[in-house]
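Trainee: following is a predicted model, sequence given first.
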Amino acid sequence: MKQLRETDKIHCLFDIPVKLSIKKVENVLRLKKLRRVSADAEKIISEVFPLIKARASYRVCYITRRGKDWIQLEGRRFASRILRDNVRDIERVFPYIITIGDGVESRACDETELLKQYFMETVADMVLISARAHLLSHLKKKYRIKRLSNMSPGSLKDWPITEQRPLFDLMEEGSIKIQVQLTETMLMLPRKSLSGIYFSTEKDFISCQLCPRNSCIGRMAEFDKKMSEHYQMD
Ligand code: SF4
């Protein structure tokens, strides 16, 4: 039987374990401020967790061509100067899609109490971020990489959401396996999904460094004015 090359393989992680600390949920939902007791955080978690099916798909790809502000992977062109700069010295990258399924969004949709709906959606977002951290650890361990950074289409003006199209073309088989679709408007379904490209770096790159948005629960790094000016992000 013909052996698949590493670059032809579609890797999938099913049943990604999900964990959240009660304290973190309390803080993000500001339950203490809202004078809700800690048991509420436990209750929300216990309602949300059974609805989650966290799974991910990724590939190992090599950059075949590069231009001033684009790179090419397996014949698909990705247009972003920042992505191009970030992978300047490397060949191998890991495109991925990750989802926690549509269980929580369906349940939240049926919820009549708006605050509870918000709590469920927020906890689901936290779980999705934690599931992506699991994927990150998996990649680091499996490929023995010390530091990996991520970029996602749509997170920066430099790499717009329309770049989901080549990413989903590249990840077509994986997206079918983990049941994530891309709509005409570039929305992922289930909504609680993330996509992007991981790449090894000497120094961490986090898109949040170039994003001025306030009050985002997903923020993982402070806004870096100097870097933003360098890329003329304003
Ligand atoms: S701050 Fe929030 S919106 Fe901005 S890049 Fe980070 S996670 Fe995305």
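Mentor: Good, I have the coordinates.

Trainee: just the element for the closest residue to residue 174 other than its chain neighbours, please.
Mentor: Distances taken as C-beta to C-beta, 6 or more residues apart in numbering place residue 57 nearest to residue 174, at 3.0 Å, with adjacent residues excluded. C-beta: built from backbone N, CA, C; applies to glycine. If you go by DSSP states H and E, residue 57 is part of strand 55-58.

Trainee: tell me which parts of this protein are close to the ligand?
Mentor: With C-beta under 6 Å from any ligand atom as the criterion, the chain meets the ligand at residues 155, 207-208, 211, 213, 216, 218-219.

Trainee: buried members of these into PyMOL, please.
Mentor: Burial among the residues of the chain next to the ligand is assessed by 16 or more other C-beta atoms under 10 Å; the matching PyMOL selection reads:
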select buried, resi 155+207+208+211
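
Trainee: format the residues of the chain next to the ligand as CSV; extra columns: secondary structure, pLDDT and distance to residue 120.
Mentor: Below are these laid out as CSV (DSSP: H, G, I helix; E, B strand; the rest coil; pLDDT from 0 to 100; distance: C-beta to C-beta, whole Å):
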residue, secondary structure, pLDDT, distance to residue 120
155, coil, 89, 24
207, helix, 90, 26
208, helix, 91, 24
211, coil, 87, 25
213, coil, 83, 22
216, coil, 81, 18
218, coil, 75, 17
219, coil, 84, 21
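
Trainee: spatially central residue in this structure, please.
Mentor: Geometric centre of the chain, nearest residue: residue 194, 3.7 Å, by C-alpha atoms, centre = their mean.

Trainee: who does whichever strand or helix holds that residue pair up with?
Mentor: Assessed by DSSP H and E, residue 194 sits inside strand 193-200. Neighbouring strands of strand 193-200 in its sheet, by DSSP bridges, are strand 92-99 (antiparallel), strand 148-151 (antiparallel).

Trainee: for the helix or strand just after it, buried residues please.
Mentor: Using DSSP H and E, the next helix or strand after strand 193-200 towards the C-terminus is helix 225-230. Across helix 225-230, burial judged by 16+ other C-beta under 10 Å covers residue 228.

Trainee: show me which residues of the worst-scoring helix or strand of the chain on mean pLDDT are buried.
Mentor: Of all helical and strand segments in the chain, the minimum by mean pLDDT, DSSP states H and E falls on helix 38-48, at a mean of 79. Across helix 38-48, burial judged by 16+ other C-beta under 10 Å covers 40-41, 44-45, 47-48.

Trainee: cool, stretch 144-152 as well?
Mentor: Within stretch 144-152, the residues that count as buried by 16+ other C-beta under 10 Å are 145, 148-152.

Trainee: and which of those residues is nearest to the ligand?
Mentor: residue 152 (7.8 Å; C-beta to the nearest ligand atom).

Trainee: got a list of contacts for the strand holding residue 194?
Mentor: 58, 78, 83, 86-87, 90, 92-100, 128, 132, 136, 139, 145-153, 155, 164, 167-168, 171, 180, 188 (C-beta atoms under 8 Å, 6 or more residues apart in numbering).
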